[in-house]
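Participant: kindly return the folded structure for what I paste below:
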Amino acid sequence: MRYNIVFLDAASLGDADLAALQQPGCELQLFPYSAPADIVDRLQHADIAIVNKCRLDAAVLAQLPRLKAIMVAATGMDNIDLTAAATQGIQVFNVQDYAGTAVPQHVFALLLALSNQLSQYQQAVQRGDWSRSQNFCLLDYPMFELAGKTMVIVGYGSLGQATAELAKAFGMRVLIAERPDVTEVRPGRIAFNNALALADVLSLHCPLTPATQHLLNRERLAQLKAGAVLINTARGGLIETEALIAALKSGQLLAAALDVLETEPPPAEHPLLQCRLPNLLLTPHIGWASREARTRMVLKIAANIQNFVNSRMETRR
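Facilitator: Numbers count the residues shown, from 1 in each chain. The predicted model follows:
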């Protein structure tokens, strides 16, 4: 049996070499992008779908009786209706541990940019402020050291753990927040609300689920230690947008750096794009996307396809 594989949003991997996805006994079709209206038609004859951020909900999956497997080109699977897939007998595979160095590196790129005011100083140099200075340096924007500060990690999987190790290398104290909805705190962790009150830096690494949607709302942001820094490289839906803007404007948050937003790509009128706050740093969901990480991603997707096909062959024997 030959398996038809369709990658709906292959351009999301940039210039990564996708040759490994062409597996023996399979036909591979690549689409750079797929609008929601295109998905059912393009997957109508697919046995295996590869998706990064295309949404496969119950209504879409119900129209795809031939589909046998979904390969998610990411770790998070919040764009897949897992219950509907299981009901239809569709296996879902994600990719883990491909960005274990890239994401923590980006966390600290963001944190260092904030702590050393890199954007503000770069703009000052470009405006000519340094050239006009009577001193050899500019001290217009206050900086702070990471050593001795407390970083609270929310979500202690492989990315949270790797981020914690980098924090320790900078001389930071690391605390691991317990889930907010539990009654018993596990050894080595600290109750969620207590952790918020102790955080100089809060770094999010948890998945987006119904339980974590707007995990940081107005009430929880108010519980943060005054003057804390927030870093989010996980999912945009973890933070309530308007509450974040209010916390940045009031000074409850010293600064925030986000690599993710609730809608991606965001519309031009998105509040976080329009507010233009000097203590807000945004990057376009690139923390995972080093060349090395994307190469690992492709190889792991290929391995998932191979394992799935081999398992089907074993079943038929």
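Participant: drop to CA atoms for contacts and neighbour counts, all remaining ones
Facilitator: Noted.
Participant: which pLDDT value goes with residue 78?
Facilitator: pLDDT recorded at residue 78 is 89.
Participant: quick one: the strands in this structure, in order.
Facilitator: Along the chain, counting by DSSP state E, strands occupy 3-7, 26-30, 48-51, 69-72, 91-93, 150-154, 173-176, 201-204, 228-232, 253-258, 280-282.
Participant: need these in CSV with distance to residue 20, mean pLDDT and mean neighbour count, can you?
Facilitator: Converted to CSV, those look like this (distance: least, C-alpha to C-alpha, whole Å; pLDDT from 0 to 100; neighbours: other C-alpha atoms under 10 Å):
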stretch, distance to residue 20, mean pLDDT, mean neighbour count
strand 3-7, 13, 97, 22
strand 26-30, 11, 96, 16
strand 48-51, 13, 98, 25
strand 69-72, 14, 98, 24
strand 91-93, 17, 98, 19
strand 150-154, 34, 98, 25
strand 173-176, 38, 98, 20
strand 201-204, 32, 98, 24
strand 228-232, 32, 98, 24
strand 253-258, 32, 98, 23
strand 280-282, 33, 97, 19
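Participant: out of the ones you listed, flag the one nearest residue 124.
Facilitator: strand 280-282 (16.3 Å; C-alpha to C-alpha).
Participant: who does that closest one touch, helix- and strand-wise?
Facilitator: strand 253-258 (3 or more C-alpha pairs under 8 Å, 6 or more residues apart in numbering; DSSP states H and E).
Participant: now do 10 Å
Facilitator: In terms of contacts (3 or more C-alpha pairs under 10 Å, 6 or more residues apart in numbering; DSSP states H and E), strand 280-282 is packed against helix 102-115, strand 228-232, helix 241-250, strand 253-258, helix 271-274.
Participant: now do the helices in the stretch 51-200 of the chain.
Facilitator: All helices of the stretch 51-200 of the chain, identified by DSSP state H, counting those that start in this stretch, fall at 58-61, 82-87, 102-115, 118-127, 158-169, 192-198.
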